[in-house]
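Trainee: predicted model follows, preceded by the sequence.
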Amino acid sequence: VLAQEPVLLAPLLETCVEMLTPQAQSSGVTLTLSTPPDAESITVIGDRDRLAQVFTNLLDNAITHSPQEGKVTVEMQTKDAQVVVTVADTGAGIPPEDLPRIFERFYQVDKSRRRKRGVGLGLAITKEVVEAHGGQIAVESIVGMGSRFTIHLPLHEPQQLN
């Protein structure tokens, strides 16, 4: 069951970025966050902890799959009554044949080099949480250049008192 309360998205993203900055630094990856001037008032309705799980998972994946001296960028903006958050990296990218399946449970792109962590649930859970918040997630990737995950969430407009 998801909480249904107003969540200020910019401070949540700032917290996620701060939490993963030591991991990025130890991997030699630059991690940056970009928000619009009115970011402090941008609100969605939902579960703060589950949304934090979404962004933490995407950031962790981006850092893990970026080379030393790579870059991971998080950008937040509003568009058409939605909040759009992108997490982009300069990592290895995802082969086109794997893109349609990356949100499936237990699916892992690189089966030949099983990493010590992860069983292929992170992106499936991420998608489920985003959709439970009335949002959508999409991915674009170019092998050798990196990946970009884009999340659209409904923007919460506070009720005006008459």
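Mentor: Alright, I've got the coordinates.

Trainee: please enumerate the strands of the protein.
Mentor: With DSSP state E as the criterion, the chain has strands at 5-8, 30-34, 43-46, 71-79, 82-89, 136-142, 146-154.

Trainee: mind putting those into CSV with distance to residue 129 and mean pLDDT?
Mentor: Placement of C-beta: from N, CA and C, glycine included. Below are the strands of the chain laid out as CSV (distance: least, C-beta to C-beta, whole Å; pLDDT from 0 to 100):
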stretch, distance to residue 129, mean pLDDT
strand 5-8, 13, 95
strand 30-34, 20, 97
strand 43-46, 9, 95
strand 71-79, 17, 96
strand 82-89, 13, 97
strand 136-142, 9, 95
strand 146-154, 10, 96
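
Trainee: tell me which of those strands lies nearest to residue 130.
Mentor: Closest of those to residue 130 is strand 136-142, at 4.6 Å (criterion: C-beta to C-beta).

Trainee: from the contact counts, what lies against the closest one?
Mentor: Here strand 136-142 touches helix 122-132, strand 146-154, going by 3 or more C-beta pairs under 8 Å, 6 or more residues apart in numbering; DSSP states H and E.

Trainee: dump the ones you listed to JSON lines, plus mean neighbour count and distance to residue 18.
Mentor: JSON lines is the format used below for the helices and strands packed on strand 136-142 (neighbours: other C-beta atoms under 10 Å; distance: least, C-beta to C-beta, whole Å):
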{"stretch": "helix 122-132", "mean neighbour count": "18", "distance to residue 18": "20"}
{"stretch": "strand 146-154", "mean neighbour count": "20", "distance to residue 18": "19"}
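
Trainee: mind giving me the packing neighbours of the helix or strand bottoming out on mean pLDDT in the chain?
Mentor: In the chain, no helix or strand scores lower on mean pLDDT, DSSP states H and E than helix 122-132, which sits at a mean of 93. With contacts taken as 3+ C-beta pairs under 8 Å, 6+ apart, helix 122-132 sits against helix 48-64, strand 136-142.
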